[in-house]
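> Model the structure of this input:
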Amino acid sequence: MSFLWPYAWFFSLLAIPIVLLYLIRALPRRRPVSTLLFWEQIQPQLRSSPLWRKLRKILSLLFQLLFLFLLIFLLARPLLPWQNKESATVVYVIDTSASMAASAGDQSSLDAARQVLKDRIVNLRATDEVLIIAAGKSPQVIQRWTSNRRLLLERIGTIAPSESEGDLTAALDLATNLAEQREQGRVVLISDGVISEKLTSTTTVPVEVISIDHPTRSNRGLAEFSARRSRLDPQTILIRARLVQSNPTNPDEDEAKLELRVNGQLTDVLPLQFGEEPQIEKTWRIPMEGAARIEANLSSEASDAFPSDDTASLTIEAVETLAVRLVSPPNPFLEAILSSLTLVDAARILPENLPAEPGDELYLFYRSAPPEDFNPRAMVLIQPEGIGVWGETLPGSSEESLVTDWVEESDLLRHVDLDQVVFPKFNRYALPPSAETLAWSFADPVVFGDWEGENRWLATAFGLEESDLVYRTVFPILIGNIVGSLSRTSEAASAALPGETESRLQAYPDRYTLQSDETDTAPDIGFFSSLPLRNWLLILALGWTLLEWRLYHRRITE
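Here you go, the predicted model:
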């Protein structure tokens, strides 16, 4: 047996004054009495008194000394040998994904998980250490290594569900890494099993899984709710909603309705009849130029186990007008292209009228080149000459050729077919390192630029007059893609939702396939052996007090 504070045994010196107090006897005093007749009659009875009556003071002394040593034993904090050998070091990983907020009555899955963890912490031994990790969108250490049960119970009360799917794999990786740093470390996962991927572990740290049964009640929810402005008509908002259902109780009676509101005004009410269908998709086209606050609310008379996915909202910004400046001599073809684009403020300026500090405009240079220190938000250069941001123009030009290859998946070349584009001649360039080639004529770049940087630019190696009619047809589409990529109104907005896996509330089939080289876990030693020895000493001291009180009233230790 060992002690956490062996210096407490110095308090045993207090036994010396206690014994001295019992050894001190007050001397008998002389008292005048009328006769000794009565004392002589009881003297034989005093001499024949039993031994236990003569020792009752010594018995009381022994009880007092026992009480003293019990207190000292308690202060010394003894540890039994089996407690030293079987001390546990456990990392608890509690799932806090959105599905843990699902309830089956008054208790949610997270409440059940917290209760399981509290039961484990209550039976914690003095030598055990625990670390708690919350497996939300990213793992978070709720409490570092400690054996303080009060602190652990307080931290458990702060665990709350997240608003999205939890990353159990990352949480388990963190837990196993922390457990490997301690001797006999192990990991305990508490989860409802509603996950989107199989859990695997190749670590030698034992992993124990405690399954929390997820609610079996029916649930209908929004798995996706997104909106964006139309690329062809930015004044129109396209809205898409996808609804899923899990654990249907009676498909024939599983009716619901979806209300769509735009800027607080009720726009549409969609009756839903899932039946045997696992999901329903719906799209809307709403004309709206200004900013729009779009809300969706799913309601039903049937009970719902997971209300977190019944509402969704998002915001679409107002239509943005893009300023485009054509820097060239008069060119009816380019001016007609720019004027045909919607939400574009187009104007032609001369090179000498370029502003000293360009703003967010798009500049289109034709038969001209920007100054060296001119850095607008974006610019398009048609067959530039000399040295500039596009690199260096090499001497000479190529003879008649055609486009042989291009990056079809590029957003700038969407719906642009360069297969039949032929041009009599084009320039050759030594490109800068940041340039990306989008189209080639054999090994020569003909469309290139840097459209990912802060100052975007795109250049073509051939002019409009030198290309055939086919390029004149696809060029307006190219300019439209360029304008669309600069318009912030083309960006899609998605509502923050728990996710499809959480809304379905269905456990992954192989949710707990955890591979480990070691499967043995620490033994369950039960309540009585897990109770610290100091608690037993307190119980024994209480029992001593009751016994002393009983003996005193029976006139044994009076």
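
> Okay, now the sheet partners of the helix or strand where residue 347 lies, with direction.
In the assignment (DSSP states H and E), residue 347 maps to strand 344-349. Here strand 344-349 has these sheet partners by DSSP bridges: strand 322-327 (parallel).

> If we go by neighbour counts, what in the strand it pairs with is buried?
322, 324, 325, 326, 327 (16 or more other CB atoms under 10 Å). Placement of C-beta: from N, CA and C, glycine included.

> mean confidence for stretch 136-151?
In this model, stretch 136-151 has a mean pLDDT of 90.

> okay, how far is it across it, tip to tip?
End-to-end distance of stretch 136-151: 21 Å, with CA to CA, to the nearest Å as the criterion.

> got a list of contacts for that stretch?
Here stretch 136-151 makes contact (CB atoms under 8 Å, 6 or more residues apart in numbering) with 89, 93, 96-97, 121-122, 124, 126-134, 152, 155-156, 158-159, 162, 164-167, 170-171, 174-175, 182.

> Please narrow the residues you listed to those residing in helices.
Using DSSP state H, 121, 122, 152, 155, 156, 170, 171, 174, 175 are the members of those that sit in helices.

> For those, work out which two are farthest apart.
Greatest spatial distance among these (CB to CB): 122 and 170, at 29.0 Å.

> got a pLDDT number for residue 79?
On pLDDT, residue 79 comes in at 62.

> just to revisit the earlier point, could you dump the buried residues of strand 322-327 to TSV with pLDDT?
As requested, these are exported to TSV (pLDDT from 0 to 100):
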residue	pLDDT
322	86
324	94
325	94
326	94
327	94
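
> of all those, which comes closest to residue 346?
Nearest to residue 346 among those, with distances taken as CB to CB, is residue 324, at 4.8 Å.

> Next one: that closest one from residue 241, what distance?
Shown here: residue 324 relative to residue 241, a distance of 35 Å by CB to CB, to the nearest Å.

> repeat for residue 208
From residue 208 over to residue 241 (counting by CB to CB), the distance is 41 Å.

> So for the two, which residue has more residues nearby?
Neighbour count, other CB atoms under 10 Å: between residue 208 and residue 241, residue 241 has more, with 23 against 15.

> List the beta-bridge partners for that one.
residue 225, residue 282.

> Thought residue 282 was touching it, still the case?
Yes - in terms of CB atoms under 8 Å, residue 241 counts as a neighbour of residue 282; the distance is 5.1 Å.

> Quickly list what's touching both of those two.
With CB under 8 Å, 6+ apart, residue 241 and residue 282 have common neighbours residue 258.

> Only the buried residues of stretch 62-82, if you could.
By neighbour count on 16+ other CB under 10 Å, the buried set for stretch 62-82 is 63-65, 67, 71-79.

> Over to stretch 120-138?
Here stretch 120-138 shows 120-121, 123-136 as buried, counting by 16+ other CB under 10 Å.

> These: which two are farthest apart?
Largest pairwise distance in the buried residues of stretch 120-138, by CB to CB, is 31.4 Å, between 126 and 136.

> which parts of the host helix or strand of residue 145 are buried?
In this structure, residue 145 sits in strand 139-146 according to DSSP H and E. Within strand 139-146, the residues scored as buried using 16+ other CB under 10 Å are 139, 142, 143, 146.

> what does stretch 382-400 give?
382, 383, 384, 388, 389, 390, 391, 393, 398.

> swap in stretch 187-205?
In stretch 187-205, counting by 16+ other CB under 10 Å, buried: 187-195, 199, 201, 203, 205.

> So what's the gap between stretch 242-249 and the chain middle?
25 Å (CA atoms, centre = their mean, to the nearest Å).

> Just the C-alphas of it, formatted as CSV.
The C-alpha trace of stretch 242-249 is given here as CSV (Å, rounded to 0.1, in the frame of the first residue of the first chain):
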residue,chain,number,x,y,z
ARG,A,242,-34.3,19.1,-51.8
LEU,A,243,-36.3,17.4,-49.1
VAL,A,244,-35.7,13.9,-47.6
GLN,A,245,-37.7,11.6,-45.3
SER,A,246,-36.5,8.9,-42.9
ASN,A,247,-38.2,6.3,-40.8
PRO,A,248,-41.7,6.9,-42.3
THR,A,249,-44.4,5.6,-40.0
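
> Name the surrounding residues that touch it.
215-225, 254, 258, 272, 274, 277-282, 298, 302, 305, 500, 503-506.

> for the protein, where's the lowest mean pLDDT among helices and strands?
Least confident element among the helices and strands of the chain, by mean pLDDT, DSSP states H and E: helix 526-530 (a mean of 45).

> residue contacts, residue 233?
Per CB under 8 Å, 6+ apart, neighbours of residue 233: residue 342.

> measure stretch 367-376 end to end?
18 Å.

> What are the buried residues along it?
367, 368, 369, 370, 374, 376.

> With stretch 328-335 instead?
In stretch 328-335, counting by 16+ other CB under 10 Å, buried: 328, 331, 334.

> Likewise for stretch 333-349?
334, 337, 338, 341, 343, 344, 346, 348.

> pLDDT wise, what is the last one at?
As predicted, residue 348 sits at a pLDDT of 93.

> Could you check how far it is from residue 336?
The spacing between residue 348 and residue 336, counted by CB to CB, is 12 Å.

> Show me the helices in this structure, by range?
Using DSSP H, helices in the chain cover 15-23, 37-47, 51-54, 56-75, 81-85, 109-122, 149-156, 168-180, 332-340, 469-486, 500-504, 526-530, 533-553.

> which residue is nearest the centroid of this protein?
In the chain, the residue lying closest to the centroid (CA atoms, centre = their mean) is residue 137, at 1.8 Å.

> Just checking: what are the partner strands of the strand holding residue 145?
Note on strand 139-146: by DSSP bridges, its sheet partners are strand 129-135 (antiparallel).

> Return the distance of the strand it pairs with from the chain's centre.
With CA atoms, centre = their mean, you get 15 Å for strand 129-135.

> what does it contact?
Residues from elsewhere that reach strand 129-135 (CB under 8 Å, 6+ apart): 87-97, 117, 121, 124, 139-147, 152, 155-156, 159, 166-168, 170-172, 174-175, 178, 182, 191.

> Going through the ones in helices among the contacts of stretch 136-151, which ones are buried?
Among the ones in helices among the contacts of stretch 136-151, those scoring as buried are 121, 152, 155, 156, 171, 174, 175 (criterion: 16+ other CB under 10 Å).

> Which one of the buried residues of stretch 367-376 is nearest to residue 112?
Checking the buried residues of stretch 367-376 against residue 112 with CB to CB, the nearest one is residue 376 at 59.6 Å.

> For that closest one, list the residues it contacts.
358, 359, 361, 362, 363, 370, 455.

> of those residues, closest to residue 426?
residue 370 (20.2 Å).

> what's across from residue 363 in the sheet?
residue 325, residue 379.

> shouldn't it be in contact with residue 380?
Yes - here residue 363 lies in contact with residue 380, judged by CB under 8 Å, at a distance of 7.4 Å.

> So which of the two has more stuff around it?
residue 363 (23 against 20).
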